[in-house]
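J.: Any chance you can model this:
(one chain, ligands or ions: 1)
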Amino acid sequence: MQDDIQKRRHEYTLKQLNEQDVDTSPFVQFDIWFKMALDANLTDANALTLATVNSEGKPTARILLLKDYSNDGYCFFTNYKSKKGEDLKQNPFGAMVFFWPDLEKQIRIEGRIERLSPEQSDEYFMVRPVGSRRAAAASPQSSILKNRRELEQAINDFKNKFGDNFKRPSYWGGYRLIPEKFEFWQGRENRLNDRIEFVLENGKWNFYRLAP
Ligand SMILES: Cc1cc2nc3c(=O)[nH]c(=O)nc-3n(C[C@H](O)[C@H](O)[C@H](O)COP(=O)(O)O)c2cc1C
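T.: Presented below is the predicted three-dimensional model:
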């Protein structure tokens, strides 16, 4: 056993999450915590882990960046032909996790995932710098490459063919996770962490305290 890992201990002492402090809307509560993470100038404060599950019930998780959110859902952008894109075609449900260690906070969100409209994807595509637009368009995300050169060649070929003016390809765009469940986690001393779960019941968001 790796003694040094087992002995690592971090006590969570910064904050509490009490029933009377939590907003009755999980969307508002998310907004409050997300803005805290942004205000704290954390690196990649908008990074989240997204888990998807394929048709055989096997999960895959990866980090993505949150690019928009509202009461309609939580949005990210990617290649529709990627592993996650294939998973979502077979099983349109996913789970997101945000973890901000410096704030001792975690948020989990679960729900159905659907594609954004082509117009919404176009709008965000055009906001990206040209280099990342080109990478999104020319990189066959999650396909096997022979080597790094093959990728660089694909980018160069794309540049020679289309220059800097090209539209969003149909295989790249946004998704929105429409929440059915949220959990707000605040680390506390001796692992007696606060966990408040929101569940959508008969069209109303109710919340419960969960044991840590
Ligand atoms: C900090 C960070 C941010 C990332 N943001 C994105 C993103 O917004 N969209 C995306 O498609 N991949 C993003 N990635 C790469 C993914 O983690 C992953 O490698 C890629 O989407 C392919 O995943 P898949 O094969 O499971 O589909 C990011 C990785 C890291 C570490």
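J.: can you map out the strands along the chain?
T.: Secondary structure of the chain (DSSP state E): strands at 47-53, 59-65, 68-70, 73-79, 93-100, 105-115, 172-186, 194-201, 204-209.
J.: Give me the sheet partners of the first one and which way each runs.
T.: Read that as strand 47-53. strand 59-65 (antiparallel), strand 93-100 (antiparallel) (DSSP bridges).
J.: One more: the third one?
T.: Counting by DSSP bridges, the strands paired with strand 68-70 are strand 73-79 (antiparallel).
J.: Could you pick out the residues of the protein near the ligand for me?
T.: Proximity of the chain to the ligand, by C-beta under 6 Å from any ligand atom, involves residues 44, 47, 60, 62-65, 76-78, 82-84, 141-142. From N, CA and C alone the C-beta is placed, and that goes for glycine too.
J.: Show the buried residues in the residues you listed.
T.: Neighbour-count burial (16 or more other C-beta atoms under 10 Å) applied to the residues of the chain next to the ligand gives 64, 76-78, 82-84, 141.
J.: Which pair of those spans the longest distance?
T.: The most widely separated members of those, counting by C-beta to C-beta, are F77 and K83 (15.3 Å).
J.: Mind picking the one among the buried ones among the residues of the chain next to the ligand that's closest to F30?
T.: F76 (14.7 Å).
J.: Next, the contact list for the closest one, please.
T.: Neighbour list for F76: 48, 50, 64-67, 174-175 [criterion: C-beta atoms under 8 Å, 6 or more residues apart in numbering].
J.: List only those of these flagged as buried.
T.: By 16+ other C-beta under 10 Å, the contacts of F76 give 48, 50, 64, 66, 174-175 as buried.
J.: partner residues bridging the residue nearest the centre of the chain?
T.: The chain has L48 as the residue nearest its centroid, 3.7 Å off, counting by C-alpha atoms, centre = their mean. On the basis of DSSP bridges, L48 is bridged to L64.
J.: so it touches I63, yeah?
T.: Yes: contact criterion C-beta atoms under 8 Å: L48 and I63 qualify, at 7.0 Å.
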